[in-house]
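Enquirer: sequence-free structure coming up:
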Ligand code: CA
């Protein structure tokens with residue numbers, strides 16, 4: 001899971017980053033609302049931890065704008081003690097949860113795990129599109145019309161999970177490279193092509209009508225042939 005941390009207090013940001021890395025979250029930090037907002041709107045993150053009081057643009061503006069632009073990344077807001085108005089405005093603006101500073105590390109991690117589970121799908125841990133259902137616990141994809149299912153490789157799974165979490169969006173090759181491999185470089189671009197081919201083969205194998213289509217010059221999108 002890739003986490004965006006937007007926090008301007010250096011010591012707090014460093015402590016949180018160390019904590020998140022220890023829990024195996026890949027974590028990027030932004031120290032102001034402008035870069036934080038851009039990062040959130042990149043759609044590259046599975047979760048975001050967003051401070052309210054930030055230079056440039058407040059956390060409340062960041063979340064509101066991101067939601068208006070269709071970004072559904074789960075966001076945990078960090079508010080100062082006693083700032084009930086911030087908490088209410090945050091939740092109204094589209095935050096999924098909030099915590100009041102100071103907080104205990106274990107509680108933050110527990111809340112992030114809960115948000116992560118929600119991000120990955122319904123209560124049964126599945127994501128769906130067209131005639132496919134991706135089971136996020138067994139790493140299998142099932143076609144609802146043929147009833148066939150197949151286990152996916154790790155990269156294939158993450159590719160499909162990324163597409164299913166961003167339905168209706170065209171995903172650029174750079175986004176896929178960064179999201180799946182953590183780097184955005186020529187070498188990774190070639191891997192994207194290779195693993196997209198593997199993933200398409202798995203979709204064909206289960207008899208799905210869902211395709212990963214290249215959109216010339218832009219990237220890739222999921223399409224359902226029967227729609
Ligand atoms: Ca702050």
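Expert: Perfect, I can see it now. Note that the structure is a prediction, hence the values are computed from the model and not measured.
Enquirer: any idea how far residue 219 is from residue 110?
Expert: With the distance defined as Cβ to Cβ, to the nearest Å, residue 219 ends up 35 Å from residue 110. From N, CA and C alone the C-beta is placed, and that goes for glycine too.
Enquirer: Not counting its own residues, what contacts the longest helix anywhere in the chain?
Expert: In the chain, assigned by DSSP state H, the helix with the most residues is helix 186-205. Helix 186-205 has contacts (Cβ atoms under 8 Å, 6 or more residues apart in numbering) with 132, 141, 148, 150, 152-153, 155-156, 159-160, 173-174, 176-178, 180-181, 210-212, 220.
Enquirer: and what of stretch 7-19?
Expert: So stretch 7-19 is contacted by 5, 27, 29, 31-32, 49, 51, 53-55, 78, 101, 105, 108-109 (Cβ under 8 Å, 6+ apart).
Enquirer: Could you give the average pLDDT over that stretch?
Expert: Computed over stretch 7-19, the mean pLDDT rounds to 95.
Enquirer: now that stretch, how far from the chain's geometric center?
Expert: 21 Å (Cα atoms, centre = their mean, to the nearest Å).
Enquirer: among the contacts of stretch 7-19, which ones are buried?
Expert: 5, 27, 29, 31, 49, 51, 53, 54, 78, 108 (16 or more other Cβ atoms under 10 Å).
Enquirer: Please list the residues of the protein that sit near the ion.
Expert: 8, 51, 53 (Cβ under 5 Å from the ion).
Enquirer: Cross the buried ones among the contacts of stretch 7-19 against strands and list the overlap.
Expert: Counted as lying in strands by DSSP state E, out of the buried ones among the contacts of stretch 7-19, are 5, 27, 29, 49, 51, 78.
Enquirer: Let's have the residues you listed in a markdown table, adding distance to residue 86.
Expert: Conversion of these to a markdown table gives the following (distance: Cβ to Cβ, whole Å):
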| residue | distance to residue 86 |
| --- | --- |
| 5 | 18 |
| 27 | 23 |
| 29 | 21 |
| 49 | 15 |
| 51 | 10 |
| 78 | 9 |
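Enquirer: So out of everything in the chain, what residue is nearest the ion?
Expert: Nearest residue of the chain to the ion, counting by Cβ to the ion: residue 53, 3.9 Å away.
Enquirer: Remind me which helix or strand residue 127 belongs to.
Expert: strand 126-129 (DSSP states H and E).
Enquirer: elements contacting that strand?
Expert: strand 132-135, helix 154-165 (3 or more Cβ pairs under 8 Å, 6 or more residues apart in numbering; DSSP states H and E).
Enquirer: Would you mind putting those into CSV with mean neighbour count and distance to residue 43 alongside?
Expert: Shown next, in CSV, are those (neighbours: other Cβ atoms under 10 Å; distance: least, Cβ to Cβ, whole Å):
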stretch, mean neighbour count, distance to residue 43
strand 132-135, 21, 18
helix 154-165, 20, 9
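Enquirer: can you put the ones you listed in TSV and add mean pLDDT?
Expert: Putting these into TSV (pLDDT from 0 to 100) gives the following:
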stretch	mean pLDDT
strand 132-135	90
helix 154-165	92
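Enquirer: Compare the ones you listed and give me the one nearest residue 72.
Expert: For residue 72, the closest of the helices and strands packed on strand 126-129 is helix 154-165, at 7.9 Å, according to Cβ to Cβ.
Enquirer: Would you indicate which residues of the helix or strand residue 12 falls within are buried?
Expert: For residue 12, the element it lies in under DSSP H and E is helix 10-22. By neighbour count on 16+ other Cβ under 10 Å, the buried set for helix 10-22 is 13, 16, 17, 19, 20.
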